[in-house]
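**Q** Provide a 3D model corresponding to the input given below.
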Amino acid sequence: MISQSEMARLTVRLLKLKPPFVIATRRTEWQLGKSWVNVLMLSIGYKGVAIPLFWLVLEQKGCSDNAERSAVLQQFIDEFGVSGIGFVTADREFASKEWLKFLVGRKISFRLRIKANTPITNKSGKPMRASKLCRTLKTGERVEFRQRA
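**A** The predicted structure follows:
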């Protein structure tokens, strides 16, 4: 049987994909008959489509934990290196301090959706809710917050 790593290398080679890659992490859960299926997926973006490369079937229902997220991303790093990552994108579920520390510690850029009540420090050093800092954004617009050096 072909491993996930072998399939990932083959997929990248066949599609002639070149790094750095946009990495999308996502978790999906659905019911298959009486059984629940919960999968943590790591994909690369290609022409507006997410191509799955690595995944982990989770034993429990609900969110993935930091160890599971780190394990799936480490599979990618082991195959393609940190330099193969342009940035990691993920949904609000992935915005934990531990996960962000994992990414920052490996110098991996990331773009995450955040909850409206997430505290962010403004330019003056005052903590504010993300919703207040983003109140003037129109639908489809985005803003980037950067950590001070």
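
**Q** all contacts plus neighbour counts: C-alpha atoms, from now on.
**A** Will do.

**Q** tell me which residues touch Ser83, please.
**A** Going by CA atoms under 8 Å, 6 or more residues apart in numbering, Ser83 touches Pro19, Pro20.

**Q** and it, how far is that from Glu29?
**A** 31 Å (CA to CA, to the nearest Å).

**Q** please enumerate the helices of the chain.
**A** Counting by DSSP state H, the segments of the chain that form helices are 4-14, 66-80, 97-105, 130-133.

**Q** now those in a markdown table, with mean pLDDT and mean neighbour count?
**A** Converted to a markdown table, those look like this (pLDDT from 0 to 100; neighbours: other CA atoms under 10 Å):
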| stretch | mean pLDDT | mean neighbour count |
| --- | --- | --- |
| helix 4-14 | 95 | 14 |
| helix 66-80 | 94 | 16 |
| helix 97-105 | 89 | 14 |
| helix 130-133 | 84 | 15 |
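
**Q** distance to Glu144 for the ones you listed - can I get that in CSV?
**A** Listed next are the helices of the chain as CSV, based on distance: least, CA to CA, whole Å:
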stretch, distance to Glu144
helix 4-14, 29
helix 66-80, 23
helix 97-105, 15
helix 130-133, 11
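
**Q** what sits closest to Gly45 if chain neighbours are left out?
**A** Among residues not flanking Gly45 along the chain, Val22 sits closest, at 5.3 Å (CA to CA, 6 or more residues apart in numbering).

**Q** domains of the chain?
**A** 4-113, 116-149 (automatic domain parsing).
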